[in-house]
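J.: This is the structure alone, sequence omitted:
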């Protein structure tokens, strides 16, 4: 990645921050964005401390297509090229389907799915023009293992997976010089579960506590190294964390049977 231009959305915290720092250590030039300007400023300072000498940063709401289009143009103008785009920005929401408001489901889809679509479409021409492009979209193990109260997040991440895999085939068919990766993190130690909102009458802290204490085993810095290693190896599918491999195998072996086990576990931990 030495000298390459790496774009990371949702860089203000969590995996996004660690991706920026790890890319900086590998010699990349960085374009970082987040809706949280304070968190973004902290990431920029950390990335510079890790060796980044050329950093473009900007507040960005990935749900706004026009804003993403303007941002993609600004990044391409600043650096003269774009080599790698990692659509990482995401949010979570806790709520059973019957209790979730339409606006809350739509908000998750707007950020987690449409944010990926906007970042993909607006940066894709620049990646093709680079002659050595790579696009990586953050999905989740929840794309293939659904869990109760996370229906909108499950749906958004599954949509990201299918969108990304379709795009990879389109790039191959067209002969474009763009590799495409879909990233599936397992339990990563970030604040995404703790920052989740919840349906009326529910407390997202219940799910967050279980997730943080029982499932979040992989440090965000480790996740960033695994992701960038997978990208450098041009892998189509990048599983992050030992649990991601276990979950992937479990669902393949028990494509419908896993659901009863997941319900039982959710009850045991007081999530439902």
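T.: In hand now; what should we look at? From a predicted model like this one, the values you see are computed outputs, not experimental measurements.
J.: Every contact and neighbour count from this point should use C-alpha atoms.
T.: Fine.
J.: what's the average pLDDT for the longest helix along the chain?
T.: Of all segments of type helix in the chain, defined using DSSP state H, the longest is helix 151-174. Mean pLDDT, helix 151-174: 98.
J.: Specify the next element, helix or strand, located C-terminal of it.
T.: strand 178-185 (DSSP states H and E).
J.: For that following strand, name the packing helices and strands.
T.: Using 3 or more Cα pairs under 8 Å, 6 or more residues apart in numbering; DSSP states H and E as the contact criterion, the secondary-structure elements in contact with strand 178-185 are strand 133-138, helix 151-174, helix 220-232, strand 237-240.
J.: what's the angle between it and helix 151-174?
T.: Put simply, strand 178-185 runs at 160 degrees to helix 151-174, going by axes from the mean of the first three to the mean of the last three Cα atoms, to 10 degrees.
J.: Contacts for whichever helix or strand comes after strand 178-185, please.
T.: Moving toward the C-terminus from strand 178-185, the next helix or strand (DSSP H and E) is strand 188-189. Contacts of strand 188-189 from elsewhere in the structure, counted by Cα atoms under 8 Å, 6 or more residues apart in numbering, are 14, 212, 215, 216, 217, 218, 219, 220, 223, 241.
J.: count of neighbours near residue 149?
T.: Residue 149 is flanked by 23 other residues according to other Cα atoms under 10 Å.
J.: Please verify my assumption that it contacts residue 99.
T.: No: Residue 149 lies out of contact with residue 99 (Cα atoms under 8 Å); the separation is 9.6 Å.
J.: and of the helices and strands packed on strand 178-185, who's closest to residue 20?
T.: Set against residue 20 and scored by Cα to Cα, these come closest in helix 220-232, at 8.5 Å.
J.: Name the residues of the closest one that are buried.
T.: 220, 221, 222, 223, 224, 225, 226, 227, 228, 230, 231 (16 or more other Cα atoms under 10 Å).
J.: Where does the prediction get shaky in the stretch 51-200 of the chain?
T.: Screening the stretch 51-200 of the chain residue by residue with the criterion pLDDT under 70, one finds the ranges 191-196, 198-200.
J.: If we go by neighbour counts, what in the helix or strand hosting residue 43 is buried?
T.: Assigned by DSSP H and E, residue 43 belongs to helix 37-49. Within helix 37-49, the residues scored as buried using 16+ other Cα under 10 Å are 37, 39, 40, 41, 43, 44, 46, 47, 48.
J.: Starting from residue 113, give me the distance back to the fifth one.
T.: The one in question is residue 43. When distances are taken as Cα to Cα, to the nearest Å, residue 43 and residue 113 turn out to be 24 Å apart.
J.: before we move on, the earlier item: ok, so of the contacts of strand 188-189, who is nearest residue 265?
T.: Nearest to residue 265, judged by Cα to Cα, of the contacts of strand 188-189 is residue 215 at 12.0 Å.
J.: Beyond the helix or strand harbouring residue 94, next helix or strand please.
T.: Residue 94 belongs to strand 93-94 when assigned by DSSP H and E. Using DSSP H and E, the helix or strand that follows strand 93-94 towards the C-terminus is helix 102-108.
J.: and the following helix or strand past that next one, how far out from the chain's middle?
T.: Heading C-terminal from helix 102-108, the first helix or strand you meet, by DSSP H and E, is helix 115-130. The chain centre lies 15 Å from the centre of helix 115-130; the measure is Cα atoms, centre = their mean, to the nearest Å.
J.: Helix 115-130 - contacts with which helices or strands?
T.: Using 3+ Cα pairs under 8 Å, 6+ apart as the test, helix 115-130 ends up in contact with helix 65-79, strand 84-87, strand 133-138.
J.: just to revisit the earlier point, and the contacts of strand 188-189 as JSON lines, adding pLDDT?
T.: Supplementary listing: the contacts of strand 188-189 in JSON lines, determined by pLDDT from 0 to 100:
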{"residue": "14", "pLDDT": "95"}
{"residue": "212", "pLDDT": "66"}
{"residue": "215", "pLDDT": "73"}
{"residue": "216", "pLDDT": "70"}
{"residue": "217", "pLDDT": "81"}
{"residue": "218", "pLDDT": "91"}
{"residue": "219", "pLDDT": "93"}
{"residue": "220", "pLDDT": "94"}
{"residue": "223", "pLDDT": "97"}
{"residue": "241", "pLDDT": "95"}
